[in-house]
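Novice: here is the input, now give the coordinates:
(one chain, ligands or ions: 1)
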Amino acid sequence: MTELILEAEGLTKRFGGFTALKDVSVGFERNCLTAIIGPNGAGKSTFFNVISGAFPPTSGRMRFEGRDITGLKQHEFARMGIAKSFQITNIFPHLSALENVRVAVQAMHSRFDLWRPRENLTGLIDQAHALLALVGLGGHGPRLARDMAHGEQRALEIAMALACEPRLLLLDEPTAGMSPEETKGMMELIQRLAGERTVVLVEHKMKLVMGICQRLIVLHHGELLAQGTPDDIRANDEVRRVYLGQGK
Ligand SMILES: Nc1ncnc2c1ncn2[C@@H]1O[C@H](COP(=O)(O)OP(=O)(O)OP(=O)(O)O)[C@@H](O)[C@H]1O
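Specialist: Residues are numbered from 1 along each chain as shown. Model prediction:
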């Protein structure tokens, strides 16, 4: 039987009188690359924000590795092993790539203080180097983040998200604003990362994720329209209907 790392049960999110997410129940399998897809305004970002702890659901529950995490604070999500990378770049532009990741690693070491022995600082720097290498930025450590290309900045941000050694990595539109070349590089990075941990990503371009994901969750008008393997989704008439004419 497949093990669920994250379970959403009846998630609903209202903004004033508007319901952006309606009673969504879905399970995410451990060590599986899952994409949340759907047309514009389907509720993908809202769902992402709820499952990543950015804001609580209006109703419904979430469980991570069997533990109820509904309403926990953002930093508690990170501590438990859930990391996320946003649509908006989250880096410090005036710091080097290495410093950006080092700060993220340092933030995860709660008892770190400036008077710790030098070996510990060296340890943090080693971890930061390893994370940069993991996302394909080995050797780019000294470059200022602001001088990096958009695709490189997104990879850097993912390296920062990986600093808490997450068992679940959540990515919101990781290829947004990227060139075709950068998109290809990002898709390869995601596949590599998914070999070692559970990855869930939000994407509105269905074609892009069909080839790399093991499971897809389709939202439409804030509701769960379909879920299954890429083949299941390709064969689903309702999904074809909502995507028809969108060319995605
Ligand atoms: N903070 C908010 N206040 C009010 N309405 C919101 C808020 N956030 C999202 N919505 C509305 O909820 C609906 C779903 O939005 P959401 O951003 O979750 O969709 P999406 O599938 O991510 O769309 P896109 O692919 O265009 O980014 C939209 O109609 C949006 O206008």
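
Novice: rest of the way, CA atoms for contacts and neighbours
Specialist: Noted.

Novice: how much space separates Lys44 from Asn90?
Specialist: Separation of Lys44 from Asn90 (CA to CA, to the nearest Å): 20 Å.

Novice: likewise Thr2?
Specialist: From Thr2 over to Asn90 the distance is 34 Å, taken as CA to CA.

Novice: okay, the two: which has more neighbours?
Specialist: Per other CA atoms under 10 Å, whichever of Thr2 and Asn90 has more neighbours is Asn90, with 16 against 8.

Novice: quick one, what contacts the more buried one?
Specialist: By CA atoms under 8 Å, 6 or more residues apart in numbering, the contact list for Asn90 reads Glu157.

Novice: which of the three states applies to it?
Specialist: The three-state assignment at Asn90 reads coil, by DSSP: H, G, I helix; E, B strand; the rest coil.

Novice: what's the local residue count around the residue lying closest to Gln74 once chain neighbours are set aside?
Specialist: Computed as CA to CA, 6 or more residues apart in numbering, the closest residue to Gln74 that is not its neighbour in sequence is Gly53, at 5.4 Å. Here the number of neighbours of Gly53 (other CA under 10 Å) works out to 24.

Novice: need phi/psi at Gly53.
Specialist: phi 80, psi 10 (degrees, to the nearest 10).

Novice: cool, Gly222 as well?
Specialist: Residue torsions, per degrees, to the nearest 10, at Gly222 are phi 80, psi 0.

Novice: what's the burial count for it?
Specialist: There are 22 residues near Gly222, going by other CA under 10 Å.

Novice: just the element for the residue nearest to it when sequence neighbours are not counted, please.
Specialist: For Gly222, ignoring the flanking residues on the chain, the nearest one in space by CA to CA, 6+ apart is Leu21 at 4.1 Å. Leu21 belongs to strand 18-29 when assigned by DSSP states H and E.

Novice: so does stretch 48-59 get close to the ligand?
Specialist: No - counting by CA under 6 Å from any ligand atom, the ligand is not contacted by stretch 48-59; separation bottoms out at 7.9 Å.

Novice: check the offset of that stretch from the chain's centre.
Specialist: With CA atoms, centre = their mean, to the nearest Å as the basis, stretch 48-59 stands 14 Å off its chain's centre.

Novice: how long is it from one end to the other?
Specialist: 15 Å.

Novice: what comes into contact with that stretch?
Specialist: Outside stretch 48-59, the residues that touch it by CA under 8 Å, 6+ apart are 8, 10-14, 62, 70-74, 77, 82-84, 170, 172, 202.

Novice: show me what counts as buried in that stretch.
Specialist: 48-58 (16 or more other CA atoms under 10 Å).

Novice: stretch 195-212: end-to-end distance?
Specialist: This stretch, stretch 195-212, spans 11 Å end to end (CA to CA).

Novice: domains for this protein, by residue range?
Specialist: If you go by automatic domain parsing, the domain ranges for the chain are 1-81+168-248, 89-165.

Novice: okay, these in TSV with mean pLDDT next?
Specialist: Below are the domains of the chain laid out as TSV (pLDDT from 0 to 100):
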stretch	mean pLDDT
domain 1-81+168-248	92
domain 89-165	86
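
Novice: how distant is stretch 28-42 from the center of its chain?
Specialist: Mean-position distance between stretch 28-42 and its chain equals 10 Å (CA atoms, centre = their mean).

Novice: meant to ask about stretch 127-147
Specialist: 19 Å.

Novice: that stretch: which residues count as buried?
Specialist: Result for stretch 127-147 [16+ other CA under 10 Å]: buried residues 127-132, 134-137, 140-141, 144-145.
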